[in-house]
Structure formats: C-alpha cells, structure tokens
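Predicted structure and sequence below. I'll ask about it afterward.
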Amino acid sequence: MPRTRSVNRTSIQDVAAAGGVSLMTVSRSLRGVDGVSEATRSRIVALAAEMNYVPSSSARALSGLNANLIGISFPTLFNDVFPDILEGMRRIFDEAGYSSVMDTTDYDRMRELAWADRFLSWRPAAVILTGVDHDDRLRRRLTASAVPTLEIWDVTQTPIDICVGIDHRAGGLELGRRIAALGYRRPAYVGAPAGLDPRADQRFDGVAEAFRDVGGTAPTRVAGVGGNSFVVGAEGFGRIDLRTPPDVVFFLTDNMAFGGMMAAQKAGLRVPEDIGIVGFNGLDLTTVLPRPITTMTSPRRQIGLTGARHLLARLHGVSPPKITRLPCEFVPGSTVRAQ
C-alpha cells in the first residue's frame, strides 16, 4: 500500500493498514505504553512520522521547515544525570527520524528564556525543558505557541504540556527517614547554594523534615564550590565545623559524596564509624568503589526513554499522561552504620 504524505488525509487507520497492525497497536506504540514489542513500537512510530500522521489541530504546527527538530535545554552537561537522561531519549528520537539541538542554561531562568525565544523562531516540532520552574513569560509563550513541550527530571500538577520525572522532595524525605532510622540525629547537607537549583532545595527540605520528625537537629547546609562535583563535595565537606561534627553528611549527588568521603578520610575520620556519608542518584561510580556509597537511585535513563515516547505520542496526535512520576529506590551501601 503506498504511503501517503498528506497531513490532512492521513488517519490512524492509514497507519495501521500500512503497518499491517491493529488500531490498538498503533495507539499503544504512539503513546509509549506497555503491550507492544520495542521493534514494533519503533517501526510504527517511524511509519507514523513518515506518513505525517497528526490530527488536523496539530498539522499547522508541524508544517514548517523544522518539523523534525526538537530542542533540549539542560542546566549543564557537567553532571552525570543529564547525559544519562539524554541517552534515554536519543535513540527513540533517532529511530523516529527526529533531530535534536541542545543548549545549557547554568540554572539561569533568563538564559533559558532567551534560548527558547531563539529556538521557537525556528518553528520546531517540540521543546524539552529541564525542571518545572521557569520564568512566567516562557510558560506563556510555550502555551500560546502550542508547540508540544516536555518537562523532564521534575514533576508538577500544572505542567506546561507534559512532564516526566521524580518527586525530589519525596526522594529527600524517604532518604532522610531511612538514615534517621539508623539512629543518626545530627545531619549536615552539602550541595548547591539555596535558590540556585529548585530540585536541590526540595531534596534538602525532605531531609530536614525527616530529621525534624524524629527530634533531630536541623541539617547544617553547606554550599560547596569548585570545578567539578568531586571538588565541590570535598570543598563543601571542608567547610563543615568539625569541632562539633555532624554524625552524617548528605550530599546532593554521589560524585559530591565521593569527594566528601575522601575529604573526611583526609581529616582523619573513619567512614562510617565516625561519620556517615550519603549520596543521591545511584550513579555508576557507586558500583565500583570498594566501599559503596549509601544512596537513592534516580531513574535517569527511564525518564529519558519515557519522556521521549510520550513526546512522540504527543507529536503524533495521541494524548499521553500529562504527569508521569517515576520511583526512586534506596541503596543501603556501606557508608552509614548497619541497621
């Protein structure tokens, strides 16, 4: 059967007939839900893109010169989290025939806004933003443009369009409760300066709530500075007053936790006998250390994979869930005392 390229005439029935599958299979493939093999999903998504299957309300938005271009905004690429998310998305977009353009914002809302203004002038197929905290002007422009928009890494009840991520406050709260249950009561927290990264602030608030609930002290918050996460963690640990040391130190990331653990040992402290060390994200680093870091995994590649599938569904006229919250998982490690 010939594959039509007429946007207005292509229907989901046309895609199903051309692919030799049922309407349900096409629907499941484009929505990215379970019940379809990865090979079939990739074939149907690519076929739908080739046939320009979109509802008439979306056809105008996808009729420009850059109908296969997706813009992705990350705060930084000097962080293992965002390359992992990108890895989850890249193959899905490549197989569907979409190209991507990336930029970084250094956690600056104005830089994000300026990037979006430039990129929207290209009439792209879609936009991907990191986090859910943006300048109000950006939210208004994306809403008015009707360009499909995916927010990743965080979730909100009021996304611009669709979002896929984790609940950072809940992750911090769960991690704090796990560590407090081991008897720790004097926490410190090393991470980004308050107000720079909303996700970091949410995790800190979760940890603080967990220790408040058990009568512990409020976490001492230290902002590390340095050229990379290892240095930030080590430098941040060095700013903790060891004359009255905490009994456990939480770090924003596992890389920071590794740097902090090295600084603790350099200061003559034994981990975990004298002080506990806790990371976040479950990075690959933690699997090769002789003393695995206690941490909470974040489903970074799954966020990228799920987000890409949902965005493709959105582009092909199928409505994915507006909010997708993925779970984190506690990893005991051996840098805190045993239960």
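Yep, it's here.

ends of stretch 245-252, how far apart?
19 Å (C-alpha to C-alpha, to the nearest Å).

Name the surrounding residues that touch that stretch.
Stretch 245-252 is contacted by residues 175-176, 179, 184-192, 200, 203, 207, 219-220, 233, 236-237, 240, 257, 260, 264, 269, 274-280, 336 when judged by C-beta atoms under 8 Å, 6 or more residues apart in numbering. Where C-beta positions appear, they are placed from N, C-alpha and C, glycine not excepted.

So which helix or strand of the protein has the lowest pLDDT on average?
helix 56-59 (a mean of 40; mean pLDDT, DSSP states H and E).

And the spatially most central residue of the chain, how close does it get to residue 67?
Centroid check for the chain by C-alpha atoms, centre = their mean gives residue 153 as the closest residue, at 2.3 Å. Distance, residue 153 to residue 67, by C-beta to C-beta, to the nearest Å: 26 Å.

Same question for residue 192.
According to C-beta to C-beta, residue 192 and residue 67 sit 37 Å apart.

related to what we said a few turns ago, skipping adjacent residues, who's closest to the residue nearest to the centre of the chain in space?
residue 165 (4.7 Å; C-beta to C-beta, 6 or more residues apart in numbering).

you'd agree the one you found is in a helix?
No - under DSSP: H, G, I helix; E, B strand; the rest coil, residue 165 sits outside any helix and is assigned strand.

wait, isn't it in contact with residue 325?
Yes - at 7.1 Å, residue 165 counts as touching residue 325 under the criterion of C-beta atoms under 8 Å.

out of these two, which sits in the busier spot?
residue 165 (27 against 13; other C-beta atoms under 10 Å).

Show the contacting residues for that one.
132, 151-155, 303, 324-326.

likewise residue 280?
With contacts defined as C-beta under 8 Å, 6+ apart, residue 280 is in contact with 171-172, 175, 203, 250-254, 257, 295-296, 298.

now those in CSV, with distance to residue 139?
Below are the contacts of residue 280 laid out as CSV (distance: C-beta to C-beta, whole Å):
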residue, distance to residue 139
171, 25
172, 25
175, 30
203, 24
250, 32
251, 32
252, 26
253, 28
254, 32
257, 34
295, 33
296, 29
298, 25
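
Name the nearest of those relative to residue 51.
Closest approach to residue 51 among those (C-beta to C-beta): residue 298, at 36.4 Å.

So what does residue 238 have for phi and psi?
phi -70, psi -20 (degrees, to the nearest 10).

shaky segments in the protein?
Scanning the chain for pLDDT under 70 picks out 1-9, 31-34, 54-66, 226-227, 339.

Let's see that with 50 instead.
The model of the chain has pLDDT under 50 over residues 1-8, 55-65.

Can you classify residue 116 by secondary structure?
Recorded secondary structure, residue 116: helix (three-state DSSP).
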